[in-house]
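Chemist: Let me see the structure of the following:
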Amino acid sequence: MNSENTNRPFQNYIPYALLTGSMVWIFFTFLNKVELEPFKVEYPAEAFLAPSFSAPSLKGGNIKLSDYRGKVVFINFWATWCGTCKVEMPSMEKLYQRFKDFDFEMLTISVDKDQSLIEPFMKEYKLTFPVVLDPKEEIAKKLYKTTGVPETFIVDKEGIIRFKAVGPDNWATDEYMEAFAQLIKGT
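Modeler: As a prediction, the model looks like this:
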């Protein structure tokens, strides 16, 4: 064995140690000069409180979201002219019929400017769930920041958004029915 290698066993690691030390120094030097922006959340979002609203109902009177605290609330933004809304409405009706007698409410928010189209639409598709009127899209655009219709927000009993769906869905699947049953039970 060479005596030079036994006297200086770490001699081969000195360049690596210097390189690592330099990299750590550079990292901390630049990290202190970089301004980090806070994490931005596009509201409303899952895990955040659902924006409260009060608006007229198709049946008359006002509907306030706060009146449904303690219930799971299915909030759906839609319009009579929306083809994909028509596709998902029958599954929404099945979901509504399944859970309407439990701690569950479905609030569908129509953004139709011509409100005279809503009641005939509801009759044609045999829909019985409550309809909130939002012709100026104050709830849709200003509070919920929707990008179009349909958009759905599932709100838990404490008023927290648990799920957001952009676009149509089949709400009558076994998986959704089980998920709503669990959410209503509070498990």
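
Chemist: contacts, neighbours, all on C-alpha from now
Modeler: Fine.

Chemist: what comes into contact with stretch 101-119?
Modeler: Outside stretch 101-119, the residues within contact range by C-alpha atoms under 8 Å, 6 or more residues apart in numbering are 58, 68, 70-80, 96, 99-100, 129-137, 140, 184.

Chemist: Drop anything exposed from those.
Modeler: Burial by neighbour count, 16 or more other C-alpha atoms under 10 Å: within those this picks out 58, 68, 71-80, 96, 99, 129-135, 137, 140, 184.

Chemist: what residue ranges in the chain are flagged as low confidence?
Modeler: Within the chain, the ranges that satisfy pLDDT under 70 run 1-18, 21-42, 187.

Chemist: domain parsing for it?
Modeler: According to automatic domain parsing, the chain comprises the domains 3-33, 54-185.

Chemist: any idea which of the ones you listed is most buried?
Modeler: Using mean count of other C-alpha atoms under 10 Å, the stretch among the domains of the chain with the largest mean neighbour count is domain 54-185, at a mean of 17.

Chemist: just checking, which of the contacts of stretch 101-119 belong to strands?
Modeler: V72, V73, F74, I75, N76, F77, W78, V131, V132, L133 (DSSP state E).

Chemist: give the contact list for the third one.
Modeler: Going back to what we said before, that points to F74. Counting by C-alpha under 8 Å, 6+ apart, the residues that F74 touches are F104, E105, M106, L107, T108, T152, F153, I154, V155.

Chemist: Okay, and the beta partners of the fourth one?
Modeler: For L107, the beta-bridge assignment (DSSP bridges) gives partners I75.

Chemist: Figure out the helix or strand that F163 lives in.
Modeler: strand 161-166 (DSSP states H and E).

Chemist: got it, and F102?
Modeler: Assigned by DSSP H and E, F102 belongs to neither a helix nor a strand.

Chemist: Show me the helices in this protein, by range?
Modeler: With DSSP state H as the criterion, the chain has helices at 3-7, 14-33, 83-99, 118-124, 174-185.

Chemist: about what we covered before: check the contacts of F74 and tell me the two furthest apart.
Modeler: F104 and T152 (14.8 Å; C-alpha to C-alpha).

Chemist: Spatially central residue in the protein, please.
Modeler: Centroid check for the chain by C-alpha atoms, centre = their mean gives K164 as the closest residue, at 2.7 Å.

Chemist: pretty sure that one contacts E151?
Modeler: Yes. Counting by C-alpha atoms under 8 Å, E151 is a contact partner of K164 at 7.4 Å.

Chemist: Show me whatever sits in contact with both of those two.
Modeler: Common contact partners of K164 and E151 (C-alpha under 8 Å, 6+ apart): none.

Chemist: so who does the nearest residue in space to K94 that is not next to it in sequence touch?
Modeler: Leaving out its chain neighbours, the residue that sits closest to K94 by C-alpha to C-alpha, 6 or more residues apart in numbering is A172, at 6.1 Å. Going by C-alpha under 8 Å, 6+ apart, A172 touches S91, M92, K94, L95.
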